[in-house]
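Student: Need coordinates for the following:
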Amino acid sequence: MRPTHADAARRWWPLALGVLLGLLAGVLVSLLASSARRAEASVLISSPIGPAAVTPMLPNLRELARSGVVAANVQSTLRLTKSATELRRQLHATVRPQSQVIAISATDQGADHARQIAQEAAVVFAQLVDTRFATGTPVLHAAVLDSAHVLGGPDRRFVRNGLIGGLVGLLLGSASMFVLASGKGQIVPAGEDGGEGSERERLLDQRVKGLTARERALAARAGELAKREHELEARAAKLAADEHDLAARAGEVSSSRRELAERATQIAAREAEREALASAPPPPPPVPERVAEPETVLPPRAGTWNLNDLQRAVDAQTGATPEEIETWRTYLYFVREHAAPDGSLPRSMDALIADVFADLLRRSDPS
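Tutor: Numbers count the residues shown, from 1 in each chain. The predicted structure is shown next:
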C-alpha cells in the first residue's frame, strides 16, 4: 500500500514543529538577551622616525592595550568592584587598517560606564606606551586621538539566534520523527510487511544509536573545552597578577634610584661648596672685640677618615639591618672617587662621614 499525502504530513509534522519551536526560542533568547552597550576610544601611535617604525610594533601594542596591566590600572583608578580578570574580558583592542591608530573598546550594561572604562583604558595605555617606549628603539609616543564615545544600541543578534534555534529544532524534530516512525512500525500486524518493518526498525535503531554516540562525544568535547577555558582563565589571572607585581617592583626600583641620584647630587653639591670655600681667600682678621665662633666639633676619632677602614667596618657589621648596610655601601660607592690611593678621605668630608656613619662608628667603637 502506497503512502498518501496525509500519511506524509503526519510523518513530517514533528520536524516542522521542532523547527518552528527552535525559531521561536531563538527570537525569545534575543529579546531576553543582555542589552550591553559598547564604547570606543582611539589612540594614535607615533615615532620621530616615521610610520615605518610604528607599523611592526602595532601587534604588540594591541596586546598591551588589552593586557592585564591595563585592566588592573583601570580597575584601581575607577575603584570598580569587579576583578581585573573580569574587566579584561570587557576590553577589546584592534588596529585600524592602513593607520597607526589602535581602537580600544569596552562593553558594559550601562552606556556611561562603558564610556568611562574605554576612556580610562585609552589614557592608561597611552601612559604605558610613553613609559616603556619613550627611551627604547624605536622611540614611540601615544596620544588619545578620539575620546571614548558610545557606538550605538545593543546588538541582540536576532538572525544568529534564530538560525541556531532553528538548527536545534531541526535536530530534535528529526529525532522525534524517527522515534514516532519506529513506534508506528511496531504495531504493524504480523504478515503485513513484517520483513520491511523489521528492517526499517533496525535502521532507525542504528541512526538513534549513532545520534546518541555523537551527542555523547560532543558533550565530552564540550566538557574538555570548558576545562581548558577554565585553565586558560586561571593562567591569565596569574599572569596578570605577576605583571602587576613586576610593575610595582619596577616602580619601587625607580623610586630608589631617584632617591640615590638625588642624594648623590646633594653630596656632589656639598663637596663643590666645600671645595669652593677651601679655595676662597682667607677672610680678613677679625675685630678684637668680636667673639670668635666655636669650631665645629669633629667626631671622637681624630684625623682624616679612611675609606678602607669604613669598608671593613661595614663588612664586619652583623647587627645592622639590610637597609642600613645598603645605605652605607651606597655612600661608600659615591665617596670612593674622592679617596686617595691609600683610602684616606679629605677633611671636607668629615662632617658627612660622621653624620651618615654615626651608628656604624658607635657600634664599632663602644668606648
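Student: What are the buried residues along the helix or strand containing D359?
Tutor: D359 belongs to helix 358-364 when assigned by DSSP states H and E. Residues of helix 358-364 classed as buried: L360, L361, S364 (neighbour count, 16 or more other CB atoms under 10 Å). All C-beta atoms are positioned from the backbone trio N, CA, C, and that covers glycine.
Student: same thing with stretch 82-89?
Tutor: A84, T85, L87, R88.
Student: what do you get for stretch 251-270?
Tutor: Residues of stretch 251-270 classed as buried: L260, I267 (neighbour count, 16+ other CB under 10 Å).
Student: Over to stretch 142-153?
Tutor: Going by neighbour count (16+ other CB under 10 Å), the buried part of stretch 142-153 is A142, V144, L145, A148, L151.
Student: Now for the most centrally placed residue in the chain: which residues touch it?
Tutor: For the chain, the residue nearest the mean C-alpha position is G68 (1.5 Å; CA atoms, centre = their mean). By CB atoms under 8 Å, 6 or more residues apart in numbering, the contact list for G68 reads A84, T85, R88, A236, A237, L239, A240, A241, E243, H244.
Student: Residues contacting the top strand by length along the chain, please?
Tutor: What stands out as the longest strand in the chain, according to DSSP state E, is strand 141-152. For strand 141-152, the external contacting residues (CB under 8 Å, 6+ apart) are 37-47, 101, 105-106, 111, 114-116, 118-119, 122-123, 125-127, 129-130, 133-134.
Student: Kindly report the same for stretch 50-57.
Tutor: I45, S46, S47, Q100, F133, P138, L140.
Student: what number of residues lie near the last one?
Tutor: I take that to be L140. Neighbours of L140 under the rule other CB atoms under 10 Å: 21.
Student: again with the second one
Tutor: Here the number of neighbours of S46 (other CB under 10 Å) works out to 16.
Student: Contact partners for it?
Tutor: V54, Q100, L140, H141, A142, A143.
Student: where does the protein dip in pLDDT?
Tutor: 1-11, 30-35, 152-158, 183-197, 280-304, 365-367 (pLDDT under 70).
Student: what ranges do the helices span in it?
Tutor: For the chain, helices defined by DSSP state H occupy the ranges 5-32, 51-54, 58-65, 68-78, 84-90, 111-133, 158-186, 194-279, 307-316, 322-335, 350-356, 358-364.
Student: For K82, which non-adjacent residue is closest in space?
Tutor: Q75 (7.1 Å; CB to CB, 6 or more residues apart in numbering).
Student: Can you report how many residues lie near that neighbour?
Tutor: Neighbours around Q75, by other CB under 10 Å: 21.
Student: Over to S176?
Tutor: A count of nearby residues for S176, using other CB under 10 Å, gives 15.
Student: Also V159?
Tutor: V159 has 10 nearby residues by other CB under 10 Å.
Student: One more: R214?
Tutor: Using other CB under 10 Å, R214 has 10 neighbouring residues.
Student: so what's T137 up against?
Tutor: Applying CB under 8 Å, 6+ apart, no residues contact T137.
Student: And it, its phi and psi?
Tutor: The phi/psi pair for T137 (degrees, to the nearest 10) reads phi -130, psi 110.
Student: With P48 instead?
Tutor: The phi/psi pair for P48 (degrees, to the nearest 10) is phi -60, psi -30.
Student: That one against V139, yeah?
Tutor: Yes: when contacts are counted by CB atoms under 8 Å, P48 is listed as touching V139 (5.8 Å).
Student: Who has more neighbours out of those two?
Tutor: Set side by side, P48 and V139 show more neighbours around V139, with 13 against 9, by other CB under 10 Å.
Student: how close does that one get to M57?
Tutor: 11 Å (CB to CB, to the nearest Å).
Student: what touches both of those two?
Tutor: F133.
Student: Measure how buried the closest residue to the residue nearest to the centre of the chain other than its chain neighbours is and give me the count.
Tutor: Spatial nearest neighbour of G68, excluding adjacent residues (CB to CB, 6+ apart): A240 at 2.6 Å. As a burial measure, A240 scores 21 neighbours (other CB under 10 Å).
Student: does A240 really touch A72, like I thought?
Tutor: Yes: applying CB under 8 Å, one finds A240 in contact with A72, separated by 6.3 Å.
Student: Residues that sit against both of the two, list them.
Tutor: Joint contacts of A240 and A72 (CB under 8 Å, 6+ apart) are A84.
Student: before we move on, back to that, show me the contacts for the residue nearest to K82.
Tutor: K82, S83, A84, L87.
Student: farthest-separated two in the residues you listed?
Tutor: Greatest spatial distance among the contacts of Q75 (CB to CB): K82 and A84, at 8.2 Å.
Student: Direction included, what does the longest strand of the chain pair against?
Tutor: strand 37-46 (antiparallel) (DSSP bridges).
Student: if we can go back for a sec, right, so of the helices of the chain, which gets closest to S344?
Tutor: Nearest to S344 among the helices of the chain is helix 307-316; the distance by CB to CB comes to 7.4 Å.
Student: which secondary structure elements does that closest one contact?
Tutor: Using 3 or more CB pairs under 8 Å, 6 or more residues apart in numbering; DSSP states H and E as the contact test, the elements touching helix 307-316 are helix 322-335, helix 358-364.
Student: Alright, calling it a day.
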